[in-house]
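Enquirer: one predicted model, sequence on top.
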There are 2 protein chains.
Amino acid sequence: MADEENAYTFATTATRQVNLGLDDDGFKMWRGERLPEVTLAYESWGELSAAADNAIIIFTGLSPSAHAASSPLDPSPGWWEYMIGPGKAIDTDRFFVVCANSLGGCYGSTGPGSINPETGQCYGADFPDVTVEDIASSGYHLMRELGVGKLHAAVGSSMGGMSSIAYAMQYPGEINYVISISAATRALPLTIALRSLQREIIRSDPDWNQGRYGDDSKPLVGMSLARKLGLVSYRAADEWNSKFDRSRLPAEKLSGKRFGHEFEIENYLEYNAQKFTNSFDPNSYLYLSRTMDWFDIAEHGDSLDDGMSKLDVRRALVVGVTTDILFPPRQQREIADLMQATGTAVDYVEIDSVNGHDAFLIDDEHFSPVVKKFLDESL
Amino acid sequence: MADEENAYTFATTATRQVNLGLDDDGFKMWRGERLPEVTLAYESWGELSAAADNAIIIFTGLSPSAHAASSPLDPSPGWWEYMIGPGKAIDTDRFFVVCANSLGGCYGSTGPGSINPETGQCYGADFPDVTVEDIASSGYHLMRELGVGKLHAAVGSSMGGMSSIAYAMQYPGEINYVISISAATRALPLTIALRSLQREIIRSDPDWNQGRYGDDSKPLVGMSLARKLGLVSYRAADEWNSKFDRSRLPAEKLSGKRFGHEFEIENYLEYNAQKFTNSFDPNSYLYLSRTMDWFDIAEHGDSLDDGMSKLDVRRALVVGVTTDILFPPRQQREIADLMQATGTAVDYVEIDSVNGHDAFLIDDEHFSPVVKKFLDESL
């Protein structure tokens, strides 16, 4: 799957870094701390119109880089290659499309792996608490840097869907359309448990060392195990049933270790975890994973309704996937119902895909028409 | 929940140990190895009839001891207290009920923590491969020791359900009734992945040390993390939504550690994992966990149908739980359909419970009537 293969590439040839123009207090964060300066790595596709009214920001899930799609500067496929490009659902002939590596990430944006300019040391686990709201507001500042005022749309899945909604709540009147895919008004205990356990697995690796590790001493074992648990929660049983069933590894792939891997599914997880582990910063994983546990629309007001009523957009699109166990369809309907109840016009689409929470990365056939229709009608 | 609290007690006052009467070759195992001797720890309730025709064996899931129910010898509640006793669904006024700690376990039966009589050393990870079939056949030998020939019934859930079916396949004509709850004809990739990951988490703990650890140097961190993942897979989202929602820990329970626990669900998992970790042998966990990945009814013949056609029982009861994500209802229907197609009379019941895979441990209200009806009709 090309889209997955390239999801975690930091594509230097097309990626730009920009220092957000902040006042002397720096970047004020949602939970009260501050960052003296913030750099965001981003890529863009298409041209900003003269009226600066055709900009779309893509907010990512936990792990992708800014390289959402190929471009002349970097022809390698991006993590949402099928969705973004000339004539595609997010049509770069019409829209000026921007995707940033998340604040707190490790592909060129300020995060725990960055140097704190006030100490000259790497932040590590002293990086301040990052929230979905901070990711959204760093995106807001980025778009200002790029000459954009009011956004045409914010689009995102999973953590990115939360960021899109947060953008609209935090900047009412500054955005016309919102697309939220496989997100949640707030996480429920099962998914908090799954993410908490991933974080605890990383923290339990002695090499994590309270977040102080070097490039040659990363907690790779913990990262690999955590990533495998993530992958299990991102996909759906039926997809794996048809892809792997009970296929065994051929003899030459058996490690001979006691309790070693025997099934193809174990090998698949190993391969994908290793690929990820070698390119992602463990502290970024901890910080970004936790943003999804914390996010709660009710914290934007007295209640979920009150929080969601902050929205002032023309229309929203909410998309859920039938086989998503992390943020299941009922949580997507909850978002849509809440929008409707608080005065936002909303389209709700439930996609019948076998690909679980990760469907948006893979399922071109189902996702492209839904996003295309919504954006076509927005013009 | 009293049943859960006591699920892992090795209740010495009522538990008996018996050496299985084996020939000079010892205990021949399904995958070809052998054990020179096998001790099983068991408890029993009720009296064997003069005709020795009222015996029921209870096969456990991965972790319980033989203490399935209280008795005058040990009045503490057992792990299936609601189900077994005078006048209860498994009525000890009628039946002679036996429950053994599984072969490979750590509550008094021969397992990796036992001494190998041929070396005088603890088996550790040199213990031979244990399978569901071995657990079933050790149960067969135990019942012979206790004067039972043909069983009235075998009853089990999860791994125990597989063991019940294995008993009936391995000893056709030696059993009249089978009850299989939340089991599978064979495990599918998602559950293989979930169990494989638990095992890898334990193996990755440096204290596991290839299975060689002392009482004071067990891989407790790995065990705790593995158990948490197990618990997540055993329960259902809705149960936790109503029990925990997004409740936060009170300030005095916060550890102050970076990325430490903040939500009640995290504390619940911690409490339950610690309780388990302190009483269960990590190597037993590895061996017994793997039995469920390996079990495949098709290995008892040329195909699933051929394997299941080995059954020669009067009737079977297959029970599934709507919210079970580990062995979902469709896998229960598969068992029942396969029995039906291969000539076994079968009752199939799908229980609408919020308790997921663990429902049989908790949901007296739904489970007792189903088991009671089936066993009443068997007389």
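Expert: Noted; the coordinates are in hand.
Enquirer: mind saving the C-alpha coords of stretch A:315-327 as CSV?
Expert: Extracted C-alpha coordinates of stretch A:315-327, given in CSV (Å, rounded to 0.1, in the frame of the first residue of the first chain):
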residue,chain,number,x,y,z
ARG,A,315,-21.6,23.7,6.6
ALA,A,316,-19.8,20.7,8.0
LEU,A,317,-19.1,17.2,6.7
VAL,A,318,-18.8,14.4,9.3
VAL,A,319,-17.6,11.0,8.1
GLY,A,320,-17.5,7.7,10.0
VAL,A,321,-16.4,4.2,9.1
THR,A,322,-18.5,1.2,10.0
THR,A,323,-15.6,-0.9,11.2
ASP,A,324,-13.8,1.7,13.2
ILE,A,325,-13.3,0.4,16.7
LEU,A,326,-11.3,3.4,17.9
PHE,A,327,-13.8,6.1,17.1
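Enquirer: flag every buried residue along that stretch.
Expert: Residues A:315, A:316, A:317, A:318, A:319, A:320, A:321, A:323, A:324, A:325, A:326, A:327 are the ones in stretch A:315-327 that count as buried (16 or more other Cβ atoms under 10 Å in any protein chain shown). Where C-beta positions appear, they are placed from N, C-alpha and C, glycine not excepted.
Enquirer: so of those residues, which ones are in strands?
Expert: A:315, A:316, A:317, A:318, A:319, A:320, A:321 (DSSP state E).
Enquirer: save these as TSV, and put in pLDDT and distance to chain B too.
Expert: Below are these laid out as TSV (pLDDT from 0 to 100; distance: Cβ to the nearest Cβ, whole Å):
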residue	pLDDT	distance to chain B
A:315	98	29
A:316	98	23
A:317	98	25
A:318	98	20
A:319	98	20
A:320	98	15
A:321	98	15
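Enquirer: the strands in the stretch 151-300 of chain A, which residues?
Expert: For the stretch 151-300 of chain A, applying DSSP state E, counting those that start in this stretch gives strands covering A:151-157, A:175-181.
Enquirer: between those strands, which one is nearest to residue B:228?
Expert: Closest approach to residue B:228 among the strands of the stretch 151-300 of chain A (Cβ to Cβ): strand A:151-157, 26.9 Å.
Enquirer: chain B contacts on the stretch 101-250 of chain A?
Expert: Within the stretch 101-250 of chain A, the positions adjacent to chain B are A:125, A:186-190, A:192-194, A:196-197, A:199-201, A:203-204, A:206, A:210-211, A:221-222, A:225, A:228-229, A:232, A:237, A:240-241, A:243-246 by Cβ under 8 Å from any Cβ of the partner chain.
Enquirer: for stretch A:107-126, what is the average pLDDT?
Expert: In this model, stretch A:107-126 carries a mean pLDDT of 96.
Enquirer: hey, C-alpha coordinates of that stretch in CSV?
Expert: Provided in CSV are the C-alpha atoms of stretch A:107-126 (Å, rounded to 0.1, in the frame of the first residue of the first chain):
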residue,chain,number,x,y,z
TYR,A,107,9.1,15.9,11.0
GLY,A,108,10.3,19.5,11.1
SER,A,109,7.9,21.2,13.4
THR,A,110,8.7,22.3,16.9
GLY,A,111,8.3,19.4,19.2
PRO,A,112,10.0,17.5,22.1
GLY,A,113,12.9,16.7,19.9
SER,A,114,13.6,20.5,19.2
ILE,A,115,16.1,22.7,21.0
ASN,A,116,14.6,25.0,23.6
PRO,A,117,16.1,28.4,22.7
GLU,A,118,15.9,29.5,26.3
THR,A,119,18.1,26.6,27.5
GLY,A,120,20.0,25.5,24.4
GLN,A,121,18.9,21.9,25.3
CYS,A,122,16.5,19.5,23.7
TYR,A,123,13.1,19.8,25.3
GLY,A,124,12.5,16.1,25.7
ALA,A,125,9.8,15.4,28.3
ASP,A,126,10.1,19.1,29.4
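Enquirer: which residues does that stretch contact?
Expert: For stretch A:107-126, the external contacting residues (Cβ atoms under 8 Å, 6 or more residues apart in numbering or on different chains) are A:8, A:10, A:15, A:17, A:35-41, A:65-66, A:100-106, A:127, A:138, A:210-212, A:281, A:283-284, A:286-287, B:258-259.
Enquirer: how about that stretch: buried residues?
Expert: For stretch A:107-126, burial by neighbour count (16+ other Cβ under 10 Å) applies to A:107-114, A:116, A:122-125.
Enquirer: which residue packs closest to residue A:210, ignoring adjacent ones?
Expert: Leaving aside its sequence neighbours, residue A:210 sits nearest to residue A:125 (Cβ to Cβ, 6 or more residues apart in numbering or on different chains; 5.9 Å).
Enquirer: wait, is the one you found part of a strand?
Expert: No. According to DSSP: H, G, I helix; E, B strand; the rest coil, residue A:125 belongs to no strand; its state is helix.
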